[in-house]
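> Fold the following for me, if possible:
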Amino acid sequence: MTITEAPAVARPVRRRRLFWAVLLWLALVPAAIWLLARTFGWEAGPWVQLLAFTPYVAAWTLIPLLVALVARRWAAAAVATLIAFGFGMAVVPRSVADADRGPSAGVELRVMTANLLFSSADLNEVVRLVRENRVDVLAVQEFTPNGQAALKVAGLDELLPFNQLAPEYGASGSGLYSRYPFAEQAARRNDGGFQQAHATVQVPGAGTVYIESVHPLAPHSLDVVSGWSADLRDQVPAAGGIPKILMGDFNATLDHKRLRDVIATGYRDAAATVGKGWQGTWGPYDGDPIPPVTIDHVLIDERIGVQDYQVHVLQDSDHRVVIARVTVPAA
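From the prediction side, this is the model:
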């Protein structure tokens, strides 16, 4: 007897297999596009914001990989493995402490950065963190005249008597407070309109270190992406001159090529250096459903060693406080 048609019972099975195969590939294609965008720095339009969530996408790529393996879809499994490996190479290293953290001998310096959310954050908490962690240099963003006055009342000027302040109403103000005197100090307005206070700090026994409170324009809408890109491109490179530290709200994560380009001039990201690069520093705030991302950074010149890194909650701010303990080579 010749069978000319497949048994009817096999057709639903084939349909189910085709359905799951199509679904699997539909899951892999967007992941592949995301990985390519992250790798080659495609940061146009909404991709700028989306790339901040790359670590979450990296974790999700393990799901289609497992599904493909269980379903014995070997071609899909091979592609899923390559995608998961690519994401792993991008995000896993920041959770593993570097063997080389820079010089370990020298003068200890403790630095801290805090976005004050229009100075509506708990400024007494800021001063408490400075005092308890023996912070030597504090950088603040979204720093207003009211915030300056409140920090003075809370006793910050007694702990860090030297300062370079550029307070402004709104989000554009910036400031640096220091335990040690400045050799030079100023503030510059970036292309996005935000002030960035900076100074060369005279660290006893270690000469001078350039420190800047960084706050590029946030890429909150499509029409400001070019300004965001320009602000990051214009950050002070590490190479040449005295050792440098950039710290603040960069409005970018390690998955943004613009930030990686800044680091490539001779910096280390303090969080990634000690294996804490997955700790979120922004969001959620006030019921926001957005998962935390890491946009506040302390970038340390490779001539300076990184010893420790901490993230602290700051009440009434959408940002966390970041504190890093570094070692500046002795003079």
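> Please name the bridge partners of Ala324.
Residues in a beta bridge with Ala324, per DSSP bridges, are Val111, Tyr309.
> What is the helix or strand hosting Thr113 packed up against?
Assigned by DSSP states H and E, Thr113 belongs to strand 107-115. Where contact means 3 or more Cβ pairs under 8 Å, 6 or more residues apart in numbering; DSSP states H and E, strand 107-115 is packed against helix 123-132, strand 137-141, strand 207-214, strand 244-249, strand 296-301, strand 321-328. Quick note: C-beta positions are derived from backbone N, CA and C, even for glycine.
> list the buried ones in the first one?
This points to helix 123-132. 123, 125-127, 129-130 (16 or more other Cβ atoms under 10 Å).
> I'd like those written out as a markdown table, with distance to Leu314 and pLDDT added.
Output for these, formatted as a markdown table (distance: Cβ to Cβ, whole Å; pLDDT from 0 to 100):
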| residue | distance to Leu314 | pLDDT |
| --- | --- | --- |
| Leu123 | 9 | 98 |
| Glu125 | 6 | 98 |
| Val126 | 7 | 98 |
| Val127 | 12 | 98 |
| Leu129 | 8 | 98 |
| Val130 | 12 | 98 |
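> can I get those in JSON lines with distance to Thr265?
Below are the buried residues of helix 123-132 laid out as JSON lines (distance: Cβ to Cβ, whole Å):
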{"residue": "Leu123", "distance to Thr265": "33"}
{"residue": "Glu125", "distance to Thr265": "34"}
{"residue": "Val126", "distance to Thr265": "30"}
{"residue": "Val127", "distance to Thr265": "33"}
{"residue": "Leu129", "distance to Thr265": "29"}
{"residue": "Val130", "distance to Thr265": "29"}
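> nearest to Asp157, of those?
Each of the buried residues of helix 123-132 was scored against Asp157 by Cβ to Cβ, and Val127 proved nearest at 9.8 Å.
> how deep is the residue lying closest to the closest one once chain neighbours are set aside tucked in, by neighbour count?
With Cβ to Cβ, 6 or more residues apart in numbering as the criterion, Val127 has its nearest non-adjacent residue at 4.3 Å, and that residue is Ala154. Neighbour count of Ala154, defined by other Cβ atoms under 10 Å: 19.
> gap between Ala154 and Leu314?
14 Å (Cβ to Cβ, to the nearest Å).
> now Asp261
29 Å.
> These two: which is more packed in?
Leu314 (21 against 14).
> Ser317 is in contact with Asp249, correct?
No - if you go by Cβ atoms under 8 Å, Asp249 and Ser317 don't touch, sitting 10.5 Å apart.
> partners of the closest residue to Leu246 other than its chain neighbours in the sheet?
Spatially, and ignoring its direct neighbours in sequence, Leu246 is nearest to Leu299 (4.4 Å; Cβ to Cβ, 6+ apart). Leu299 has these beta-bridge partners by DSSP bridges: Leu246, Asp269.
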